[in-house]
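Student: build me a model:
(one chain, ligands or ions: 2)
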Amino acid sequence: MDTLLDKAKQNMISKGFLDVESSEKLDYVKEIEKLKKEKNAVILAHYYQEDAIQDIADFVGDSLALAQEAAKTDADIIVFAGVHFMAETAKILNPDKKVLLPDLKAGCSLADSCPPADFKAFIEAHPDHKVVTYINCSAEIKTLSDVVCTSGNAVKIIESFPKDQKLIFAPDKNLGDYLNKETGRDMLLWDGACMVHEAFSIEKLLDIHKEHPDAEIIAHPESPSHILKTASFIGSTAGLLKYARESKKEKFIVATEAGILHEMISQVPNKILIPAPAEEDNTCACSECAYMKLNTMKKLYNCMKYELPDIEVDKELAEKALLPIERMLALS
Ligand code: 13P
Ligand code: SF4
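Tutor: Ligands and ions are numbered 1, 2, ... in the order given. Predicted structure coming up:
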């Protein structure tokens, strides 16, 4: 039976005041493991999550693998250690399951850069175009899309359309520009961007490369074209990991969010990994997504204990948003 304090905490969490102070000294690893079993919960984590969260997750992956995992889980509760659009996608795929996000404020600059009303007007101004959207967008934007994609399957998804089919791609202009070059298309691009990948400094990157000429630059396609031009390999987070694993090279400069280094180090412990530097970088030698890093072990524990905050998506909206997600999963 919940105490009054428990109820007050639940209320605070549901209103988004998430950082519930706990006076107890808790072993979060032990407690979270216990809650996982008790509640038949699965923790899905993105590679950009803090190390401890990746370590305790049942599955760590890129956006595509996480959506695929969410689509097939038989857990009663999905705990999404990632950002809001990821948890929302998991909820759309599992309307009858509880989907928890440790911090509701874990958003995404890319998703925020595409307001539904403006995007609707953009689509209406180009009625002969089909709409491909990057999964980093809201459910409302997904309802306006013909198909969703991730950086892991975007080329395949775009190539599923006839060559002469006019396309709109949103919200990431950098990924869209990269995909236009890769596929030889001329997609109309929405003007959105990821603040983390936009922040890489080309001058500092070239300086580091000069110091380490034997290193290969590998980059996420959310990076701007001046960064991508320097890269020997461009891929999703899972793609970058695979490349670092399979390449004969011993040294890489990694242009994506620094959280990936945790998994990369464990997959290639004998290789040298250098995080690509950001423009404004006073705290560390790398780029971090402030949204991804809002999730902490404490918030993960609290959200599992109180089963809040949980993601809610309007039924009609979810049904419409499901179609382009299912199309993506079928094509992947
Ligand atoms: P992927 O994991 O699909 O490469 O996406 C990176 C990202 O920015 C997620 O927000
Ligand atoms: Fe969004 Fe960029 Fe953070 Fe990914 S890294 S969640 S795209 S802001």
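Student: wait, does stretch 56-67 contact ligand 2?
Tutor: No. On the criterion C-beta under 6 Å from any ligand atom, stretch 56-67 is out of touch with ligand 2, staying 8.4 Å away. For glycine as for every other residue, the C-beta is placed from the backbone atoms N, C-alpha and C.
Student: quick check: buried residues in that stretch?
Tutor: Buried residues in stretch 56-67, counted by 16 or more other C-beta atoms under 10 Å: 56-57, 60-67.
Student: quick one, strands of the stretch 201-332 of the chain?
Tutor: Ranges of strands within the stretch 201-332 of the chain are 216-219, 233-234, 251-255, 272-275, based on DSSP state E, counting those that start in this stretch.
Student: show me which residues of the stretch 151-300 of the chain sit near ligand 1.
Tutor: By C-beta under 6 Å from any ligand atom, the residues of the stretch 151-300 of the chain that approach ligand 1 are 151-152, 194, 220, 222, 236-237.
Student: count of neighbours near residue 44?
Tutor: 26 (other C-beta atoms under 10 Å).
Student: cool, the one 3 residues further on as well?
Tutor: Close neighbours of residue 47, defined as other C-beta under 10 Å, add up to 26.
Student: now tell me what touches stretch 112-122 from outside.
Tutor: Residues from elsewhere that reach stretch 112-122, judged by C-beta atoms under 8 Å, 6 or more residues apart in numbering: 137-138, 140-141, 144, 168, 170-171, 190-193.
Student: find the nearest non-adjacent residue to the residue nearest the centre of the chain, please.
Tutor: Centroid-nearest residue in the chain, with C-alpha atoms, centre = their mean: residue 63, separated by 5.2 Å. Of all residues not flanking residue 63 in the chain, residue 150 sits nearest, at 4.3 Å (C-beta to C-beta, 6 or more residues apart in numbering).
Student: double-check the one you found against residue 66; I have them as touching.
Tutor: No. Here residue 150 does not reach residue 66: they are 9.1 Å apart, not a contact under C-beta atoms under 8 Å.
Student: check for me that residue 45 belongs to a strand.
Tutor: Yes. Judged by DSSP: H, G, I helix; E, B strand; the rest coil, residue 45 forms part of a strand.
Student: was I right about it contacting residue 51?
Tutor: No. Using C-beta under 8 Å, residue 45 is not in contact with residue 51; the gap is 10.4 Å.
Student: do stretch 88-100 and ligand 2 meet?
Tutor: No. Residues of stretch 88-100 contacting ligand 2 under C-beta under 6 Å from any ligand atom: none, with a closest distance of 12.6 Å.
Student: need the pLDDT of residue 285.
Tutor: Looking at residue 285, its pLDDT reads 53.
Student: OK, contacts around the residue of the stretch 201-332 of the chain found nearest ligand 2?
Tutor: As assessed by C-beta to the nearest ligand atom, ligand 2 sits closest to residue 289 within the stretch 201-332 of the chain, at 3.3 Å. By C-beta under 8 Å, 6+ apart, the residues touching residue 289 are 48, 83, 196, 257, 259.
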